[in-house]
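1. here's my sequence, what's the structure:
(one chain, ligands or ions: 1)
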Amino acid sequence: MTDQYAGTPSDGDRPMLPVLRWEEPPDGPVLVLLDQTRLPAEEVELICTDVPALVRAIRTLAVRGAPVLGIAGAYGVALAAARGYDVEEAAAQLGSARPTAVNLAYGVRRALGAYRAVVEKGADEKAAAEAALAEARQLHREDAEGSAAMAAKGLALLDELLPGGSHRILTHCNTGALVSGGEGTAFAVALAAHKAGRLRRLWVDETRPLLQGARLTAYEAARNGLSYTLLTDNAAGSLFAAGKVDAVLIGADRIAADGSVANKVGSYPLAVLAKYHHVPFIVVAPVTTIDPDTPDGASIEVEQRSGREVTQLTAPPQAGGATVRQGVGVQVAPLGTQAYNPAFDVTPPELVTAIVTEVGVVSPVTGGGIEELCARSRQVTIS
Ligand SMILES: CSC[C@H]1O[C@H](OP(=O)(O)O)[C@H](O)[C@@H]1O
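-> All right, here's what the predicted structure looks like:
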């Protein structure tokens with residue numbers, strides 16, 4: 001069946017650059033980031049030689065997305081240790097660079113714990129730095145493995161909920177390889193459906209104001225040859241009304257103990273639409289995104305970002321050489337306009353059909369299973 005809204009899939013002419021990688025050039029170790037503020041127009045790598053550079057990259061979303069923030073935070077601790085910076089200070093700066101994604105503080109804590117354990121045994125700084133790096137690499141591997149497990153579990157859930165085997169999925173923000181050590185979270189499920197021949201359409205919310213969907217999910221969908229269609233966030237409602245959405249797949253930045261889900265702003269309205277139209281609303285996130293110490297949605301700190309991101313249009317450099325850099329955009333609202341710009345919103349558990357993690361699937365809407373996931377998260381994140 002042809003659809004007049006079909007995007008032009010592309011299989012991509014070469015693998016995407018890694019979202020982040022550790023390098024050890026002669027003048028000292030560095031963390032290399034694929035600068036996501038420059039995509040899709042340019043694939044530019046940022047070389048971070050110190051923690052302030054990495055903190056800036058996190059705050060400007062050059063590196064972004066909950067799971068990869070945890071990995072970057074862990075490598076940041078290793079970078080500080082390897083270069084002889086104050087590791088405790090570096091961990092404090094990294095862990096607080098963005099408040100909502102629980103994974104960031106978790107990744108920092110993982111590497112810092114490995115570093116401290118070696119120091120406490122009386123070993124030298126070099127050994128402690130190596131321990132921090134080994135922990136960052138381990139977290140990187142675990143995330144890649146978790147991504148594959150979530151993709152399999154998520155596809156099995158779609159097949160169970162949506163008999164008929166050809167799914168029209170709506171997704172919000174970006175949850176692919178750019179946020180992960182592997183293929184991502186929610187996007188990894190859509191990719192698995194595509195590879196299994198069971199993705200009829202991926203509806204991609206543009207995700208104002210920073211356009212993670214239009215810039216990054218469309219980029220990843222095109223590179224993977226998915227049939228995708230971009231839409232303004234405002235158009236999602238009419239898709240539901242037309243019966244063109246079979247399920248919503250989104251990621252998460254923090255899931256509270258009661259099953260409330262903090263995710264990119266615009267997720268909550270999608271949950272309300274999904275509920276009204278009897279469409280499954282599925283959250284895909286590693287178990288480490290579940291925070292047992294945050295009791296409910298009201299307890300989640302939602303990052304408030306600069307109003308300039310709303311009153312200006314910022315976009316990656318344009319093919320023609322015109323450059324509109326992040327934060328130096330084209331003014332669209334009258335100068336002096338104040339803007340409300342929360343980076344996330346919170347969806348209550350009663351609107352969440354299922355949470356898919358690498359260790360299992362639970363259904364907050366029926367009250368089942370979130371306690372077990374909290375226990376699993378505690379096991380993983382406290383150890
Ligand atoms: C699965 S993590 C991706 C998650 O992170 C995004 O936020 P940001 O782009 O601000 O880092 C968004 O909430 C995604 O769902």
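
2. contact residues of the stretch 251-383 of the chain facing the ligand?
-> Applying CB under 6 Å from any ligand atom, we find that the stretch 251-383 of the chain lies next to the ligand at 251, 253, 263-264, 343. Where C-beta positions appear, they are placed from N, C-alpha and C, glycine not excepted.

3. and for the closest residue to Pro99 other than its chain neighbours, the neighbour number?
-> Among residues not flanking Pro99 along the chain, Glu301 sits closest, at 4.5 Å (CB to CB, 6 or more residues apart in numbering). Close neighbours of Glu301, defined as other CB atoms under 10 Å, add up to 12.

4. thought Glu301 was touching Thr100?
-> Yes: between Glu301 and Thr100 there is a contact under CB atoms under 8 Å: 6.1 Å.

5. picking that back up, including neighbour count, secondary structure and pLDDT, could the residues of the stretch 251-383 of the chain next to the ligand go into TSV?
-> Output for these, formatted as TSV (neighbours: other CB atoms under 10 Å; DSSP: H, G, I helix; E, B strand; the rest coil; pLDDT from 0 to 100):
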residue	neighbour count	secondary structure	pLDDT
Gly251	31	coil	98
Asp253	30	coil	98
Asn263	30	strand	98
Lys264	26	strand	98
Ala343	22	coil	98
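
6. about what we covered before: tell me which element the residue nearest to Pro99 is part of?
-> Glu301 is part of no helix or strand when elements are defined by DSSP states H and E.

7. do you know how far the one residue in the chain that gets nearest to the ligand is from Arg378?
-> In the chain, the residue found nearest to the ligand is Gly251; the distance is 2.7 Å by CB to the nearest ligand atom. Going from Gly251 to Arg378 by CB to CB, to the nearest Å gives 21 Å.

8. what's the neighbour count on Leu133?
-> By other CB under 10 Å, neighbour count at Leu133 equals 23.

9. name the SS class of the spatially closest residue to it that is not a sequence neighbour, please.
-> Spatial nearest neighbour of Leu133, excluding adjacent residues (CB to CB, 6+ apart): Ala78 at 4.0 Å. At Ala78 the chain is in helix, as set by DSSP: H, G, I helix; E, B strand; the rest coil.

10. so in this protein, which helix runs the longest?
-> In the chain, taking DSSP state H as the definition, the longest helix is helix 125-161.

11. immediately after that one, which helix or strand?
-> The first helix or strand that comes after helix 125-161 along the chain, using DSSP H and E, is strand 167-171.

12. give me the contact status of that following strand with the ligand.
-> No: taking CB under 6 Å from any ligand atom as the criterion, strand 167-171 and the ligand are apart, separated by no less than 9.0 Å.

13. list the contacts of the residue nearest to Leu162 when sequence neighbours are not counted.
-> Closest residue to Leu162 apart from its sequence neighbours, by CB to CB, 6+ apart: Asp246 at 5.2 Å. With contact set as CB atoms under 8 Å, 6 or more residues apart in numbering, Asp246 has these partners: 162, 167-169, 279-280.

14. TSV please, covering those and showing distance to Leu210.
-> Formatted as TSV, those follow (distance: CB to CB, whole Å):
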residue	distance to Leu210
Leu162	31
His167	27
Arg168	25
Ile169	22
Val279	26
Pro280	27
